[in-house]
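> can't give you the sequence, but here's the structure:
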Ligand code: CA
């Protein structure tokens, strides 16, 4: 159960989303414009935002970028039409954690929301470890990561991906494993989300002169990724 912001200008889709989410126990604020969404995000905090990219007043990607700035720790899920592939990549780079393609299947929507909200909470049965590789330190209990003396500013799913990689350095991790462990255990479809998050993590790990002392995310063609300690 969470506090959700729904941004959708289509009355029928928005109405269905709102009532279905309420039935599942969520508190829902529904906004029909980009400006309305940004105002709501200024005065209120949300666990998760469902953001339609095609809005009447503002560019959806720009709304995404500004929402990310105002709600750094909330999960941002874009709602896109099937033919908006480019928008998906741009939206992920603008700060979205995930996306769903319209027409939205409610069962998938609820499963995805459940998975996202569950990950946000520290669960006692999960091992709360601290990983140290080179200059990188990942503290999963505090959800903090640092490179040398500098704290890394990571989005929620970037942190989860980094923690997952750091848990098994030197191992080949398949794309499917990473998608399942970090996003959704029933993931089926594109892994573009993963590529954008890997690219963002690589950027953050090599910034500010730590390129030689930070671990690397190595791409294994057709198989996945391997997290390598700088001494390997
Ligand atoms: Ca729309």
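Received it, and whenever you're ready, just let me know what you need. Predicted model only: the values in this text are computed from it and were never measured. Residues are numbered from 1 along each chain as shown.
> which one is the residue of the chain found nearest the ion nearest to, not counting chain neighbours?
Per CB to the ion, residue 54 is where the chain lies closest to the ion, at 3.6 Å. The way it works is simple: take the backbone N, C-alpha and C, and place the C-beta from them, glycine included. Counting by CB to CB, 6 or more residues apart in numbering, residue 60 is the residue found nearest to residue 54 once chain neighbours are left out, at 6.1 Å.
> quick check, that neighbour in contact with residue 88.
No: with contact defined as CB atoms under 8 Å, residue 60 does not count as touching residue 88 (10.9 Å).
> residues of the protein that sit close to the ion?
Taking CB under 5 Å from the ion as the test, the list of the chain residues beside the ion reads 9, 52, 54.
> quick one: the strands in the chain?
3-7, 27-31, 48-52, 75-80, 98-101, 130-133, 136-139, 144-147, 150-151, 172-174, 216-220, 224-228 (DSSP state E).
> and those strands as CSV, adding mean neighbour count and mean pLDDT?
Formatted as CSV, the strands of the chain follow (neighbours: other CB atoms under 10 Å; pLDDT from 0 to 100):
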stretch, mean neighbour count, mean pLDDT
strand 3-7, 23, 97
strand 27-31, 18, 97
strand 48-52, 25, 96
strand 75-80, 24, 92
strand 98-101, 20, 88
strand 130-133, 16, 92
strand 136-139, 20, 94
strand 144-147, 18, 94
strand 150-151, 12, 92
strand 172-174, 15, 93
strand 216-220, 15, 94
strand 224-228, 20, 95
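> what would the ones you listed look like in a markdown table with distance to residue 41?
Formatted as a markdown table, those follow (distance: least, CB to CB, whole Å):
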| stretch | distance to residue 41 |
| --- | --- |
| strand 3-7 | 7 |
| strand 27-31 | 9 |
| strand 48-52 | 8 |
| strand 75-80 | 10 |
| strand 98-101 | 18 |
| strand 130-133 | 32 |
| strand 136-139 | 28 |
| strand 144-147 | 24 |
| strand 150-151 | 24 |
| strand 172-174 | 34 |
| strand 216-220 | 31 |
| strand 224-228 | 33 |
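> quick one: closest of those strands to residue 17.
Residue 17 lies closest, by CB to CB, to one member of the strands of the chain: strand 3-7, at 5.3 Å.
> the closest one - contacts with which helices or strands?
On a contact count with 3 or more CB pairs under 8 Å, 6 or more residues apart in numbering; DSSP states H and E, strand 3-7 meets helix 11-23, strand 27-31, helix 34-43, strand 48-52.
> any chance of a markdown table for these, columns distance to residue 141?
Output for those, formatted as a markdown table (distance: least, CB to CB, whole Å):
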| stretch | distance to residue 141 |
| --- | --- |
| helix 11-23 | 30 |
| strand 27-31 | 27 |
| helix 34-43 | 28 |
| strand 48-52 | 22 |
